[in-house]
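Visitor: mind folding the following:
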Amino acid sequence: MIAYVTVGADDIAAAERFYSAFLPELGYRLEEYRGDLSYILPVETGQRATSPDFYVKAPFNGAPATAGNGNMVAFEARNQAQVRALHAAALAAGGTDEGQPGFRASYGSQFYVGYLRDPQGNKIALFSNDQAEPGRGG
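Guide: Just a heads-up that it's a prediction; the model follows:
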């Protein structure tokens, strides 16, 4: 199980605007730790975490942060409408579009996804795979 995912950022304030535009809607709460951002999913007392936490940090080595080529972090939304809403909110908060929400021929008929880049250039996906919603072509 993946415990956490970390992306680098040089401008933590810009990263906070971007990620706080949609992660709280997915259940994450923000904790700041020594100037870095920790988006944490709540865990019931006595339960174990089931999804990874998400961290945004300046690189420890002091060099500029860079976005990985081929790296992407995907966040699951409740439904297609939420994918659209969160994609729009993230764009308004400083993200750039990497693919408007919709179905992709490469994936299953229910997989609905929108792609973004955060202010640092890290690639982010927001998706829904809700079998109760209309699929591609339906």
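Visitor: contacts for stretch 10-27?
Guide: The set of residues external to stretch 10-27 that reach it, using C-beta atoms under 8 Å, 6 or more residues apart in numbering, is 9, 30, 35-37, 39, 41-42, 54, 56, 58, 64-65, 75-77, 82, 85-86, 89-90, 92-95, 118-120, 126. Heads up, the C-betas are built off the backbone N, CA and C, glycines and all.
Visitor: buried ones among these?
Guide: Buried positions within the contacts of stretch 10-27, assessed by neighbour count (16 or more other C-beta atoms under 10 Å), are 9, 37, 39, 54, 56, 58, 65, 75, 77, 82, 85-86, 89-90, 93-95, 118-120, 126.
Visitor: and the lengthiest helix in the chain, what other elements does it pack with?
Guide: If each helix of the chain is counted by residues according to DSSP state H, the longest one is helix 80-92. The helices and strands touching helix 80-92, judged by 3 or more C-beta pairs under 8 Å, 6 or more residues apart in numbering; DSSP states H and E, are strand 96-103, strand 112-117, strand 123-128.
Visitor: can you redo those as JSON lines with mean pLDDT?
Guide: Putting these into JSON lines (pLDDT from 0 to 100) gives the following:
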{"stretch": "strand 96-103", "mean pLDDT": "97"}
{"stretch": "strand 112-117", "mean pLDDT": "97"}
{"stretch": "strand 123-128", "mean pLDDT": "97"}
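Visitor: pairing partners for the helix or strand of the chain with the lowest mean pLDDT, with directions?
Guide: Of all the helices and strands that make up the chain, the one with the lowest confidence by mean pLDDT, DSSP states H and E is strand 29-33; it has a mean of 87. Under the criterion DSSP bridges, strand 29-33 sits next to strand 36-40 (antiparallel) in its sheet.
Visitor: output stretch 109-126 as PDB, nothing but the C-alphas.
Guide: C-alpha atoms of stretch 109-126 as PDB (Å, rounded to 0.1, in the frame of the first residue of the first chain):
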ATOM      1  CA  SER A 109     -16.200   3.000 -21.100                       C
ATOM      2  CA  GLN A 110     -16.800   4.400 -17.600                       C
ATOM      3  CA  PHE A 111     -13.500   6.100 -17.000                       C
ATOM      4  CA  TYR A 112     -14.000   9.800 -17.000                       C
ATOM      5  CA  VAL A 113     -10.900  12.000 -16.400                       C
ATOM      6  CA  GLY A 114      -9.500  15.500 -16.600                       C
ATOM      7  CA  TYR A 115      -5.800  16.400 -16.500                       C
ATOM      8  CA  LEU A 116      -4.000  19.400 -15.100                       C
ATOM      9  CA  ARG A 117      -0.600  20.700 -14.200                       C
ATOM     10  CA  ASP A 118       0.000  22.400 -10.900                       C
ATOM     11  CA  PRO A 119       1.900  25.700 -10.800                       C
ATOM     12  CA  GLN A 120       5.200  23.800 -10.600                       C
ATOM     13  CA  GLY A 121       4.300  21.600 -13.600                       C
ATOM     14  CA  ASN A 122       3.400  18.400 -11.700                       C
ATOM     15  CA  LYS A 123       0.700  16.400 -13.700                       C
ATOM     16  CA  ILE A 124      -2.500  15.700 -11.800                       C
ATOM     17  CA  ALA A 125      -5.500  13.600 -12.900                       C
ATOM     18  CA  LEU A 126      -9.000  13.900 -11.500                       C
END
